[in-house]
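Asker: Give me a 3D structure for the following:
(one chain, ligands or ions: 2)
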Amino acid sequence: MAPQGSRAPLEFGGPLGAAALMLLLPATMFHLLLAARSGPARLLDLPPYLPRLEALWSPRALLLWFTWLGLQVAFYLLPARKMAEGQELKDKSRLRYPINGFQALVLTALLVGLGVLVGLPLGALTEMLLPLAFVATLTAFVFSLLLYLKALIAPASALAPGGNSGNPIYDFFLGRELNPRIGSFDFKYFCELRPGLIAWVLINLALLVQEAELRGSPSLAMWLVNGFQLLYVGDALWHEEAVLTTMDITHDGFGFMLAFGDLVWVPFTYSLQAQFLLYHPQPLELPMASALCLMNAVGFYIFRAANSQKNTFRKNPSDPRVADLETIPTATGRQLLVSGWWGMVRHPNYLGDLIMALAWSLPCGVSHLLPYFYLLYFTALLVHREARDEQQCLQKYGLAWHEYCRRVPYRIVPYVY
Ligand SMILES: NC(=O)C1=CN([C@@H]2O[C@H](COP(=O)(O)OP(=O)(O)OC[C@H]3O[C@@H](n4cnc5c(N)ncnc54)[C@H](OP(=O)(O)O)[C@@H]3O)[C@@H](O)[C@H]2O)C=CC1
Ligand SMILES: CC(C)=CCC[C@@H](C)[C@H]1CC=C2C3=C(CC[C@@]21C)[C@@]1(C)CC[C@H](O)C(C)(C)[C@@H]1CC3
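Answerer: Ligands and ions are numbered 1, 2, ... in the order given. Below is the predicted model:
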């Protein structure tokens, strides 16, 4: 049952928008997977061909996918170097989370390295991307249904503010329960980073190995894309605790949007540049490669510095690294930063992330639009996310938020947006 009197305004275009997204997201992903391996590799053309069911359904892919999930669950359950506390919940309690995501990345790397040493054909993974994406999509639908049913028996205090409209399609998409758990195993926290992000860099690596097998050595462009994205994933897992303050964990329920996004969309579409490069090798000279390294480094620096400044401030406003920054008091007792990174634009971390997204696409040359899909999608995602966050901050901070917007008028790009 939805809690009485706490109906949140509908997002994502309501039930119709949610239904459309549930069809469009998987369809787009399959289109990208097929287009990347086709000769013309056109983003805006109809799919080059429709795969037959035999090309999609493979018991081997199913086994591999569940082995992967099982392995990551096992790594999650290993003793953690630290247990972190999440944000305060409606009932004033706080959940505890293991911080061992980076350990899971290292253990996966060791296991895969060992496998390759004893003859595991890692490059062959690239031939299984289509059936793997198919079983992962089916899993995401079934998993979301189980989450929806589980939420039916959850107490009202465990429900998310957004996904409880009473419309089953909308609630299935957005997610009804905020932190679904069995015992201390937290499904949303587990899915947010590990299986999807680690699979993303593993797919990238398989594409690099396959390129080496096909052409004698990996191209410079492939090295760059692998290196840049490994840095991003390694950083996310190293700073795993910071995910506990993102809106995905604190605000959104766990439904199809995040289950599909985390487990399927991230590994199979975020690896698009490496997929494109395997089938469409691109020349890249050293001076250009150096310029792209610099661009990625600038983006990463802004992204990391902005995120760390806010996290440090939220943990302890008197920390010497942030104590001198100017702030605005709010009625909640919390303060808002108005100098430093958060005084330049209201989302400096998004700016850094977007600069990196550009640096990941440029190694693929400018002859095709396809490798720029991530940049286009990500811009749309962040603009929409920024608007959602703005709404939530306005509700939380009221007049203080208006004052912040007056003092820091640009959202993501200084003097532009
Ligand atoms: N690669 C990908 O696909 C994606 C990456 N990301 C990345 O994830 C990271 C996290 O993003 P996201 O969760 O959207 O949001 P943010 O990390 O930007 O957090 C927004 C929250 O920060 C707090 N805040 C806002 N302004 C201030 C201020 N001036 N001073 C202090 N606190 C402030 C508010 O929460 P409160 O006041 O309650 O602390 C607000 O709700 C970003 O770097 C983003 O680029 C995000 C989505 C997808
Ligand atoms: C419409 C649609 C495709 C929805 C799904 C969106 C998800 C793919 C993203 C929502 C927020 C995300 C975050 C990351 C990955 C993408 C999703 C799941 C993230 C884990 C990437 C690495 C970053 O360092 C991060 C930890 C800050 C980030 C958190 C948000």
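
Asker: burial count for the residue in the stretch 1-150 of the chain positioned nearest to ligand 1?
Answerer: Ranked by C-beta to the nearest ligand atom, the top residue of the stretch 1-150 of the chain for proximity to ligand 1 is residue 87, at 7.9 Å. C-beta here means a position set from N, CA and C on the backbone, and glycine is covered the same way. With neighbours defined by other C-beta atoms under 10 Å, the count for residue 87 comes to 12.

Asker: Look up how far ligand 2 lies from residue 17.
Answerer: Relative to ligand 2, residue 17 is positioned 11 Å away (criterion: C-beta to the nearest ligand atom, to the nearest Å).

Asker: Quick one: neighbours of that residue, just the number.
Answerer: Counted with other C-beta under 10 Å, the burial measure for residue 17 works out to 16 neighbours.

Asker: go on, residue 89?
Answerer: A count of nearby residues for residue 89, using other C-beta under 10 Å, gives 14.

Asker: right, and the secondary structure at it would be what?
Answerer: Reduced to three states with DSSP: H, G, I helix; E, B strand; the rest coil, the structure at residue 89 is coil.

Asker: hang on, the earlier thing: which phi and psi does the residue of the stretch 1-150 of the chain closest to ligand 1 have?
Answerer: The phi and psi values for residue 87, taken as degrees, to the nearest 10, are phi -70, psi 160.

Asker: In contact with it, which residues?
Answerer: By C-beta atoms under 8 Å, 6 or more residues apart in numbering, the residues touching residue 87 are 94, 244, 245, 249, 250.

Asker: Show the buried residues in those.
Answerer: Among the contacts of residue 87, those classed as buried by neighbour count (16 or more other C-beta atoms under 10 Å) are 244, 249, 250.

Asker: tell me which of the residues you listed is nearest to ligand 1?
Answerer: residue 250 (7.5 Å).

Asker: Skipping adjacent residues, who's closest to the closest one in space?
Answerer: The shortest distance from residue 250 to any residue that is not its chain neighbour, by C-beta to C-beta, 6 or more residues apart in numbering, is 5.0 Å, and that residue is residue 87.

Asker: related to what we said a few turns ago, format the buried ones among the contacts of residue 87 as a markdown table; extra columns: pLDDT and secondary structure.
Answerer: Below are those laid out as a markdown table (pLDDT from 0 to 100; DSSP: H, G, I helix; E, B strand; the rest coil):
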| residue | pLDDT | secondary structure |
| --- | --- | --- |
| 244 | 93 | helix |
| 249 | 94 | helix |
| 250 | 90 | helix |
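
Asker: which regions of the stretch 251-400 of the chain lie under the pLDDT threshold?
Answerer: Counting by pLDDT under 70, not a single residue of the stretch 251-400 of the chain qualifies.

Asker: what does it have sitting close to ligand 2?
Answerer: With C-beta under 6 Å from any ligand atom as the criterion, the stretch 251-400 of the chain meets ligand 2 at residues 257, 261, 262, 265, 266.

Asker: Out of the residues you listed, give me the one that has the most neighbours.
Answerer: If you count neighbours using other C-beta under 10 Å, the busiest of those is residue 257, which has 25 neighbours.

Asker: what about that residue, which helix or strand?
Answerer: In the assignment (DSSP states H and E), residue 257 maps to helix 256-260.

Asker: roughly how far apart are residue 293 and residue 278?
Answerer: Between residue 293 and residue 278 the computed distance is 21 Å (C-beta to C-beta, to the nearest Å).

Asker: and those two? which has more neighbours close in?
Answerer: For the pair residue 293 and residue 278, the greater number of neighbours falls to residue 278 (21 against 14), based on other C-beta under 10 Å.

Asker: dump the residue contacts of the nearest residue to the more buried one once chain neighbours are set aside.
Answerer: The spatially closest residue to residue 278, leaving aside those adjacent along the chain, is residue 207, at 4.8 Å (C-beta to C-beta, 6+ apart). Under the criterion of C-beta under 8 Å, 6+ apart, the neighbours of residue 207 are 126, 222, 271, 274, 275, 277, 278.
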